[in-house]
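[1] quick one, structure for this:
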Amino acid sequence: MNIDERLEKLAERHEALTQTVELLAHEISELRASTHELRASTQELKASHQELKAFTQELRGFTQDIAEGTARLLHVAQIHERRITRLEGGE
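    I've put the predicted structure just below:
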């Protein structure tokens, strides 16, 4: 193999490496853009999660209030039932 053939082979390798580096640079650029989009989506998801968490806490409070109110109504109904039974001469 003479010097011209070696130089030609070296030039081919250089061109192949240059193309590989260009492809890698392009892929890195795309990955950066994807990462940026993913971070934005993650932030939106995190905000939605916080809103859902707050809403769930609010619903939990409403549910507890309803349960307590229902228990009070049951107690009042029981008192009225005993009273009606007594008035009707049941006891």
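
[2] how far does whichever strand or helix holds Ser34 sit from its chain's centre?
    According to DSSP states H and E, Ser34 maps onto helix 3-87. Offset of helix 3-87 from its chain centre (C-alpha atoms, centre = their mean, to the nearest Å): 2 Å.

[3] now for that helix, which elements pack on it?
    Taking 3 or more C-beta pairs under 8 Å, 6 or more residues apart in numbering; DSSP states H and E as contact, there are no helices or strands that helix 3-87 lies on. Using the backbone N, CA and C atoms, a C-beta is placed for each residue, glycine as well.

[4] taking the mean pLDDT, what do you get for that helix?
    Regarding helix 3-87, the rounded mean pLDDT is 96.

[5] which residues are contacting stretch 82-91?
    Outside stretch 82-91, not one residue touches it by C-beta atoms under 8 Å, 6 or more residues apart in numbering.

[6] nearest residue to the middle of this structure?
    With distances taken as C-alpha atoms, centre = their mean, Leu45 lies nearest the centre of the chain, 4.3 Å away.

[7] ok, now how distant is that residue from Arg39?
    Per C-beta to C-beta, to the nearest Å, Leu45 is found 11 Å from Arg39.

[8] same check, this time on Arg32
    11 Å.

[9] and for Gln57?
    Gln57 is 27 Å from Arg39, by C-beta to C-beta.

[10] number of nearby residues for Ser48?
    10 (other C-beta atoms under 10 Å).

[11] got it, and Leu59?
    Leu59 has 10 nearby residues by other C-beta under 10 Å.

[12] what sits up against stretch 71-79?
    Outside stretch 71-79, no residue is within contact range by C-beta under 8 Å, 6+ apart.
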